[in-house]
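> Return atomic coordinates for the entry below.
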Amino acid sequence: MNGDDPKVPTLVGNGEDQDDEDKGQQEALSLGRGLPARDLRREADESDHDRNERFKGHFDRIGVAGLYVTAIAVFLAALFWFWHLVTPWKFLTDEQLVHLQNLLTGGILVSVATSYMKKRLG
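Numbers count the residues shown, from 1 in each chain. Below you'll find the model as predicted:
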């Protein structure tokens with residue numbers, strides 16, 4: 001065997017060289033189109049804007065998912081609290097009941113106070 005097997009690709013470092021070549025080729029193509037600097041700047045600004053919008057979209061989806069998880073957790077906590085109060089089985093200890101009541105009523109008070117302040121300040 002002479003080591004020139006066409007089925008085996010040649011190894012290129014750790015991929016950094018290839019990335020630099022791709023960036024260099026993209027830059028050469030952009031400059032080779034003969035566009036003025038302002039058009040190149042506009043393309044760069046549009047690309048940057050698109051990238052920022054994609055990031056904001058991902059961040060918004062994460063925020064909405066967190067909101068749903070929090071709402072479900074609060075609903076379940078309220079359901080356990082209500083179930084503990086109306087059934088003859090008292091499955092929560094006094095300490096657990098106090099923590100649960102503080103969590104639920106404190107959250108309600110904070111949300112009411114926050115909405116009131118937003119109306120007054122904004």
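> Find the residue ranges of this structure scoring beneath the pLDDT cut-off.
Counting by pLDDT under 70, the chain contains low-confidence ranges at 1-21, 23, 27, 30-32, 35, 122.
> Now stretch 73-93: buried residues?
Neighbour counts over stretch 73-93 (16 or more other CB atoms under 10 Å) mark A77, F80, W81, L92 as buried. No exception for glycine: its C-beta is placed from N, CA and C like everyone else's.
> So which elements touch the helix or strand in which the second one is found?
Take DSSP states H and E as the rule and F80 turns out to sit in helix 37-86. Applying 3 or more CB pairs under 8 Å, 6 or more residues apart in numbering; DSSP states H and E, one finds that helix 37-86 makes contact with helix 16-32, helix 94-121.
> related to what we said a few turns ago, make TSV from the buried residues of stretch 73-93 and add distance to I108 to it.
Formatted as TSV, the buried residues of stretch 73-93 follow (distance: CB to CB, whole Å):
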residue	distance to I108
A77	12
F80	16
W81	12
L92	19
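> related to what we said a few turns ago, which one, of the helices and strands packed on helix 37-86, ends up nearest to G63?
The closest of the helices and strands packed on helix 37-86 to G63 is helix 94-121. By CB to CB, the value is 16.8 Å.
> Now that closest one: buried residues?
In helix 94-121, counting by 16+ other CB under 10 Å, buried: L97, L100, L104.
> distance between it and the chain's centre?
Centroid displacement of helix 94-121 relative to its chain, using CA atoms, centre = their mean, to the nearest Å, is 26 Å.
> Equivalent analysis for stretch 82-98, please.
Stretch 82-98 sits 37 Å away from the centroid of its parent chain (CA atoms, centre = their mean).
> Now tell me what touches it from outside.
The contact list for stretch 82-98 (CB atoms under 8 Å, 6 or more residues apart in numbering) reads F80, W81, L100.
> Include distance to L40 when you put these into a markdown table, please.
Formatted as a markdown table, the contacts of stretch 82-98 follow (distance: CB to CB, whole Å):
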| residue | distance to L40 |
| --- | --- |
| F80 | 61 |
| W81 | 62 |
| L100 | 60 |
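> ok, back up a step: nearest to A71, of the helices and strands packed on helix 37-86?
With CB to CB as the measure, helix 94-121 is the member of the helices and strands packed on helix 37-86 nearest A71 (11.1 Å).
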